[in-house]
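Novice: Generate a structure from the sequence data that follows.
(chains A and B)
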Amino acid sequence: MLTITDAAQKRITGLLADQERQGLALRIAIQGRGPGGFQYKLGFAREADKAPDDIVVDAEGFKVFIDPESAPNLTGATIDFVDGLYESGFRINNPNSIWSDPVAAAVQRVIDTHINPGIAAHGGFVTLLDVKENVAYIAMGGGCQGCGMANVTLKQGIEVLIQEAVPEIRQIVDTTDHAGGTNPFYQPAKGGESPLV
Amino acid sequence: MPRLLLLMTTTTYRANAFLEAARRLDVPVVVGSERAQALAAANPAGHLTLDFLAPEVALRQIVAFANEYPISAIIAADDEGVIPAAMASAALGLPYNPVEAVAAARNKYRMRQILAKAGLSSPVFTRISIDADPLDAASQLSFPCVVKPLALSASRGVIRADDPAQFVAAFRRIVAILRQREVAMAGAGLTRELLVERFIPGIEVALEGLLSNGRLQVLALFDKPDPLDGPFFEETIYVTPSRLPLSVQDAIATCTAKVATALGLREGPVHVELRVNAQGPWMLEIAPRSIGGLCSRTLRFGDGITLEELILRHALGLGVEGCERERQAAGVMMIPIPRAGILRDVSGQEEARRVAGIEDIRLTIPLGQELIPLPEGSKYLGFIFAREETPHGVEAALREAHRRLRFTIAPRQEASGEPTGFPTAASPADPLRLVAQRTDFAPTRTFPIRAGRSGG
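Specialist: Numbers count the residues shown, from 1 in each chain, chains lettered A, B, ... in the order given. A predicted model of the protein is given here:
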């Protein structure tokens, strides 16, 4: 079941009443897993953009397209709309565990309880992307992306913590595009400088 | 099982390369750096926080650590770690260079004194206090000369002066660098004086070597095909093998070995910069560490061993005899900083990568950050790596790849007020923007999700 609150229903219907959006459907997808849980993507889509295996939900006044990979993890989710002084936008309440695989869930627990709290002081975070054949694929973000010490954090910290807690994991692969980091915590420099100052 | 203590600053370019080498050798590593690592508390056997500027304190910390977690070898990835590494190695009975030799190599004036005493070719030199009157000092000098800090590396603060007026300008510019807080703090007492030495005309080369019980093994000799005649000395292209006649290469190796002996260096990597002219090789610098930046990626030995793995193998006593550099030519371009400003974009990277022989391009200053050219600058903009059949082919590939890169640099004053490093905020104009997740709202309408059909 997908639940849409009255507020969300009203907001979406209102947006679809706009001349440019008439006849469009709502598409919702899970595009990843982040420190706060699932990461979602909402967008409007034309009927022609519906894939043959998309799941279509009739939401009284508009349709919702859901790709088959996202659908199991959206069962029981609720789409709400909030409009307050401090925030305005859609919120999705999802009761599903972000990992059904117990090994992945165990790795996620290590990341949530030990790793991310530890690297938050450096403005960094780690996202578990997937676990396949006992290999954990992660991405480093924030201050860790492009950090000159990212590999130290990975090999001396993340790997140790994950493999101690989840011995089934035989390898951790960092998939981060470190060249794309815009604000790394430690930045390489030629000799003669100290970040102590 | 042997355990390796790897000393490196948190600003090192070398962390990945050394940790990867240790992984290949399956050696546990302790990372010693001047700041606590993010997850240090989770792995106390893998981290050590040391003050490189207080080597006596660092020594006590390392010895205490080694009592709990025995250490088999110590390697300093950067200049800052070589003195603590030497002191700790002596205390723990591990092979390394003597402390006095390392300290002399870290102090360009002291090094010049030792080389002069040993009768080895190096430029005529003097030192001048940063509190001296540069006009007075200029009257005592002969020109052209090169003015440089005693301890900075990678050409930072190195300026050629052809007359007294240029000397005064160079003096003031370098003193301003040395008075920068982070330089003064890190200078280990070597920021109160400048070295002034005769400019040596000629070509420049770099030698990468490994000392074993005082014997020098030349790992690579790099030509630097771009002229380095000043006023600043921004290094660009390194290509190996050298195209110099073998007799000149032998003279360079001999000069390096003599300098190492004169200083007392006996173990581990050395990175050496020399000038070569009709009089032969002239020693500019010798550092008891390996090549900086990401330049070591150009070097492969035996069946693909990296320079860092070679250094680790040597330090752990695993033997490196017979490890010859590959037959292919290789090279790197340290991408010159075109001008000061804020780096906005680097386009043409894919075109540059398509140049035959180009292996990789790595930018090491993030977009949105400031570019500071030499002599003040302390960061490499990036690196281009090439491998080809011949040194000429490598050099041509590096130049062509660089030609295809286009840098967009904004004036610094236009770039203020833009935060970086945060995820792009949802645009207020996005009608479907999401807010932070919460669970305290009441659903009112539910719709079944069924595959393959519309549901109501």
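Novice: what about stretch B:65-77, average pLDDT?
Specialist: Here stretch B:65-77 scores 96 as its mean pLDDT.
Novice: That one: end-to-end distance?
Specialist: Length of stretch B:65-77, first residue to last, CA to CA, to the nearest Å: 19 Å.
Novice: What about contact with chain A: does that stretch have any residue there?
Specialist: No. Shown here: stretch B:65-77 not in contact with chain A (CB under 8 Å from any CB of the partner chain), separated by at least 10.2 Å. The C-beta positions use only the backbone N, C-alpha and C, and glycine is treated the same way.
Novice: Identify each buried residue in that stretch, please.
Specialist: Residues of stretch B:65-77 classed as buried: B:F65, B:A66, B:I71, B:S72, B:A73, B:I74, B:I75, B:A76, B:A77 (neighbour count, 16 or more other CB atoms under 10 Å in any protein chain shown).
Novice: So which of those residues sit within strands?
Specialist: Cross-referencing the buried residues of stretch B:65-77 against strands under DSSP state E gives B:A73, B:I74, B:I75, B:A76.
Novice: Now do the helices in chain A.
Specialist: Along chain A, the stretches classed as helices by DSSP state H are A:6-17, A:71-74, A:102-110, A:116-119, A:150-153, A:159-165.
Novice: can you tell which of these is closest to B:S139?
Specialist: Comparison of the helices of chain A against B:S139 by CB to CB identifies helix A:150-153 as nearest, at 50.8 Å.
Novice: Show me what that closest one is in contact with.
Specialist: With CB atoms under 8 Å, 6 or more residues apart in numbering or on different chains as the contact definition, helix A:150-153 has outside contacts at A:119, A:124, A:140, A:144, A:147, A:174, A:176, A:178, A:184, B:15-16, B:19-20, B:31, B:33, B:37-39.
Novice: Model confidence score at the residue in chain A that chain B sits nearest to, please.
Specialist: In chain A, no residue comes nearer to chain B than A:N183, which is 1.9 Å away by CB to the nearest CB. Per-residue confidence (pLDDT) for A:N183: 78.
Novice: quick revisit: narrow the contacts of helix A:150-153 to just the buried residues.
Specialist: Those of those that meet the buried threshold are A:119, A:124, A:140, A:144, A:147, A:174, A:176, A:178, A:184, B:15-16, B:19, B:31, B:33, B:37-39, by 16+ other CB under 10 Å.
Novice: among the buried residues of stretch B:65-77, which two are most distant?
Specialist: The largest separation in the buried residues of stretch B:65-77, counting by CB to CB, is between B:A66 and B:A77 at 18.8 Å.
Novice: Strands of chain A, start to end?
Specialist: Using DSSP E, strands in chain A cover A:2-4, A:25-34, A:37-45, A:55-58, A:63-66, A:78-83, A:88-93, A:124-132, A:135-142, A:171-174.
Novice: Compute the first-to-last residue distance for stretch B:95-112.
Specialist: Stretch B:95-112: ends 26 Å apart by CA to CA.
Novice: May I see the buried residues of that stretch?
Specialist: Buried positions in stretch B:95-112, judged by neighbour count with 16+ other CB under 10 Å: B:96-99, B:101-112.
Novice: of all the residues you listed, which comes closest to chain A?
Specialist: The closest of the buried residues of stretch B:95-112 to chain A turns out to be B:R106 (CB to the nearest CB; 9.8 Å).
Novice: If you count neighbours, what's buried in stretch B:396-416?
Specialist: Going by 16+ other CB under 10 Å, stretch B:396-416 has these buried residues: B:A396, B:A397, B:L398, B:R399, B:E400, B:A401, B:H402, B:R404, B:L405, B:F407, B:I409, B:A415.
Novice: tell me which of those residues is nearest to chain A?
Specialist: Of those, the one sitting nearest to chain A (CB to the nearest CB) turns out to be B:A415, at 13.0 Å.
Novice: tell me the SS of the closest residue to B:I291 other than its chain neighbours?
Specialist: What sits nearest to B:I291 in space, not counting adjacent residues and going by CB to CB, 6 or more residues apart in numbering or on different chains, is B:H271, at 5.0 Å. With DSSP: H, G, I helix; E, B strand; the rest coil as the basis, B:H271 sits in strand.
Novice: So B:H271 sits against B:G293, correct?
Specialist: No. At 10.8 Å, B:H271 and B:G293 do not qualify as touching, with contact defined as CB atoms under 8 Å.
Novice: Please parse the chain into its domains.
Specialist: Just so you know, I chose chain A. Split into domains by automatic domain parsing, chain A comes to A:3-93, A:102-180.
Novice: not quite, I wanted chain B
Specialist: Using automatic domain parsing, the domains assigned to chain B come out as B:4-103, B:124-198, B:329-418.
Novice: Distance to B:I305 added to those domains, as JSON lines?
Specialist: Putting the domains of chain B into JSON lines (distance: least, CB to CB, whole Å) gives the following:
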{"stretch": "domain B:4-103", "distance to B:I305": "9"}
{"stretch": "domain B:124-198", "distance to B:I305": "25"}
{"stretch": "domain B:329-418", "distance to B:I305": "14"}
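Novice: so of these, which one's packed in deepest?
Specialist: Counting by mean count of other CB atoms under 10 Å in any protein chain shown, domain B:4-103 has the highest mean neighbour count of those, with a mean of 21.
Novice: From one end of it to the other, what's the distance?
Specialist: 22 Å.
Novice: Does the residue lying closest to B:Y69 once chain neighbours are set aside belong to a helix, a strand or coil?
Specialist: Once flanking residues are discounted, B:Y69 sits nearest to B:A45: 5.1 Å by CB to CB, 6+ apart. Following three-state DSSP, B:A45 is assigned to helix.
Novice: cool, and B:G189?
Specialist: When classified by three-state DSSP, B:G189 comes out as coil.
Novice: Over to B:I286?
Specialist: Three-state call for B:I286 (three-state DSSP): strand.
Novice: Verify the contact between it and B:T261 for me.
Specialist: No. At 11.1 Å, B:I286 does not count as touching B:T261 under the criterion of CB under 8 Å.
Novice: Which one of the two is surrounded by more residues?
Specialist: Looking at B:I286 and B:T261 with other CB atoms under 10 Å in any protein chain shown, you find the greater number of neighbours at B:I286, namely 23 against 17.
Novice: Quick one: low-confidence residue ranges for chain A.
Specialist: Scanning chain A for pLDDT under 70 picks out A:35, A:190-197.
Novice: Please apply the same query to the stretch 151-300 of chain B.
Specialist: In the stretch 151-300 of chain B (pLDDT under 70), the answer is B:185-188.
Novice: which residues in it form strands?
Specialist: Secondary structure of the stretch 151-300 of chain B (DSSP state E, counting those that start in this stretch): strands located at B:159-161, B:193-198, B:203-212, B:215-224, B:237-240, B:268-277, B:280-287, B:300-301.
Novice: Please identify the deepest-packed of the ones you listed.
Specialist: Of the strands of the stretch 151-300 of chain B, the one with the most neighbours on average (mean count of other CB under 10 Å) is strand B:237-240, at a mean of 24.
Novice: Just the residues contacting that one, thanks.
Specialist: Contact with strand B:237-240 is made by B:206, B:220-226, B:295, B:298-299, B:325, B:329-334, B:391, B:394-395, B:398-399, as judged by CB under 8 Å, 6+ apart.
Novice: Only the C-alpha atoms, please, for that strand, written as CSV.
Specialist: Extracted in CSV, the C-alpha atoms of strand B:237-240 (Å, rounded to 0.1, in the frame of the first residue of the first chain):
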residue,chain,number,x,y,z
ILE,B,237,57.7,17.7,-16.6
TYR,B,238,59.7,14.8,-15.3
VAL,B,239,60.7,12.1,-17.8
THR,B,240,62.6,8.9,-17.2
